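[1] next comes the sequence, and after it the predicted model I'd like to discuss.
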Amino acid sequence: MKSLIERYVYDVTRRLPAEERAEVSKELKSNIYDMLPDNADEDEVKAVFYKLGPPAILAERYRQKPRYLISPGIYDEYVRVLKWVLPLVGVTVLVIGMLYGAIDAIKDDMVDLVYVISNTLTKGIAFGVSATIQALVWITIGFVIAERTSTRVSESKEQEWKIEDLPEVLPDDNKRIPLSDSIVELVVTVVFSVVAILMCNGKVPIAFILQNDDMQVRTLFNSRFLISCIPAIIVMALFGISECLAKIKDRRWTPLVCGTVIASSIVNMGLILYLINQPNLLSEEFITFIQNVDWSGLDLLNSIGGTGAITPIISTVISVVVVVCSLVNCCRAVYKTAKT
Amino acid sequence: MPEKEQFQSFITELRRGILTLTVLGCLKQSHYGYALLQTMQEKNIEIEANTLYPLLRRLESQGLLISDWNTSESRPRKYYTINEKGWAVYNELMTEWEKMQKSVEIICGKDGDDEESD
């Protein structure tokens, strides 16, 4: 019964400006308890709520300054929509723009890879940024219109209001996983995996450029190594996706979410460690390139065994970073789950 | 039914204007929210809890009331009392109310239909 009162009061105060919440909450609770008989049962509590009316209307009346472009009453929703839509639109249109840029460059018969890459990136970013701004503007205009016409909306809501409409749980921001974060994570995981698979497939080149005498494009990684990466990327993507889906389903740090996060981190760690320590990681061309570079400036490198040591050093550094990141991620998940 | 609703909205409109006056009048003695609601209802001023509580907060933020949390009882209660500025507003509203009452009597009394008011 106490939690029912908490829920009602929360549903009112969450629509108020932050600085007023604590005081209104305290006062409203005190008033509700005054309106209840001693040892009131649930029906009596509900009767008091129906007397006080829908939380949205009560909040509207408590609001001291009703003149907002977007009022606290719908601000939550506004931010939630932005968090959903902007990354989605931004990333989608970025990818479309990049494809468009690439096709455009190829159509122009420009075999020059530098031009293709720069055109792809410019088009992608330009499209992505302008689409994001467009989305922001139109969503804001939509909400401003909703704000201006909201009195009629709240009047019609008045009859339909039910106790069951009260939010189920009092969200504690530390324990909650915001829905928008999980969705963004999901989108990023999918897009990143698709791009990575395309790269490994040879569809999108990972290149480095030699500028000794004339410009040449060479691949950075051994192509057989890249092909062997594809199953690993698919496995990592599947674990990543199931982690996001668990977060979207539970929306807080439950054992299930914790388990998927740990599984995904450990699988990622294992696969990356395995891949990075492959002997045939880099392409012949890149190794030759490295060996031809004048390293005389780097005494340190010479002292630890010359250019031959460069691949193991890079692998070790990356391995350490991956292990540390994964372990931190696992500990964070366990800590947050334990706290919930 | 719509006619009854319309009638009700006229009455609500008429009452709304005097709510501030009656609330200020009641708060010559300090009250907490629910006690004030009861006092007003006993005196046949029909006001809903969801109108009164926000109204108290608004009057306080407008500087007409002072409030004080009383924590000596079993539960903390916020007591409101009229202050100096509140008194000034109350007196002006009261003068205006008396003028309006007279005007209404003059205008509506002339009709002669309304015998019940004297």
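    Cool, got the structure. Numbering: from 1, shown residues only, chains lettered A, B, ... in the order given.
[2] helix, strand, or coil at residue 19?
    Picked chain A for this. helix (DSSP: H, G, I helix; E, B strand; the rest coil).
[3] what number of residues lie near it?
    7 (other CB atoms under 10 Å in any protein chain shown). In this view, the C-beta of every residue, glycine as well, is placed from N, C-alpha and C.
[4] and it, how close does it get to residue B:74?
    29 Å (CB to CB, to the nearest Å).
[5] show me the strands in chain B, by range?
    Secondary structure of chain B (DSSP state E): strands at B:31-32, B:65-70, B:77-82.
[6] buried set for stretch A:254-268?
    Buried residues in stretch A:254-268, counted by 16 or more other CB atoms under 10 Å in any protein chain shown: A:254, A:257-258, A:260-262, A:264-265, A:267-268.
[7] can you check stretch A:48-55 too?
    Buried-residue list, stretch A:48-55, by 16+ other CB under 10 Å: A:48-49, A:52-55.
[8] relative to chain B, which of the buried residues of stretch A:254-268 is nearest.
    residue A:254 (35.8 Å; CB to the nearest CB).
[9] what segments of chain A are helices?
    With helices called from DSSP state H, chain A shows them at A:2-13, A:18-35, A:42-52, A:55-62, A:72-107, A:113-148, A:150-160, A:179-200, A:223-250, A:255-276, A:284-292, A:299-303, A:310-339.
[10] ok, residue A:35 - contacts?
    The neighbours of residue A:35, taking CB atoms under 8 Å, 6 or more residues apart in numbering or on different chains as the test, are A:48, A:51, B:34, B:49.
[11] circling back: looking at the strands of chain B, which is buried most?
    strand B:31-32 (a mean of 22; mean count of other CB atoms under 10 Å in any protein chain shown).
[12] so in that sheet, which strands flank that one, and in what orientation?
    Counting by DSSP bridges, the strands paired with strand B:31-32 are strand B:77-82 (antiparallel).
[13] now the partner strand: average pLDDT?
    For strand B:77-82, mean pLDDT is 93.
[14] give me the pLDDT for the one residue in the stretch 201-340 of chain A that gets nearest to chain B.
    Distances between the stretch 201-340 of chain A and chain B by CB to the nearest CB are smallest at residue A:339, namely 30.0 Å. Predicted confidence (pLDDT) for residue A:339: 76.
[15] and it, how far is that from residue A:253?
    7 Å.
[16] what about these two, which has more around it?
    residue A:253 (23 against 10).
[17] model confidence for that one, exactly?
    Residue A:253 is given a pLDDT of 84.
[18] just residue A:31 next, same as before
    So, for residue A:31, pLDDT stands at 91.
[19] same deal with residue A:308?
    Residue A:308 carries a pLDDT score of 59 in this model.
[20] under the pLDDT cut-off, which ranges of the chain? List them.
    With no chain named, the answer covers chain A. A:1, A:64-68, A:72-73, A:107-111, A:149-160, A:168-175, A:202-219, A:289-311, A:340 (pLDDT under 70).
[21] think we crossed wires, I meant chain B
    Ranges of chain B meeting pLDDT under 70: B:1, B:110-118.
[22] where do the helices sit along chain B?
    Under DSSP H, chain B gives helices at B:2-26, B:33-42, B:49-61, B:84-109.
[23] out of the ones you listed, flag the one nearest residue A:200.
    helix B:49-61 (62.2 Å; CB to CB).
[24] tell me which residues in that closest one are buried?
    So helix B:49-61, judged by 16+ other CB under 10 Å, has buried residues B:49-60.
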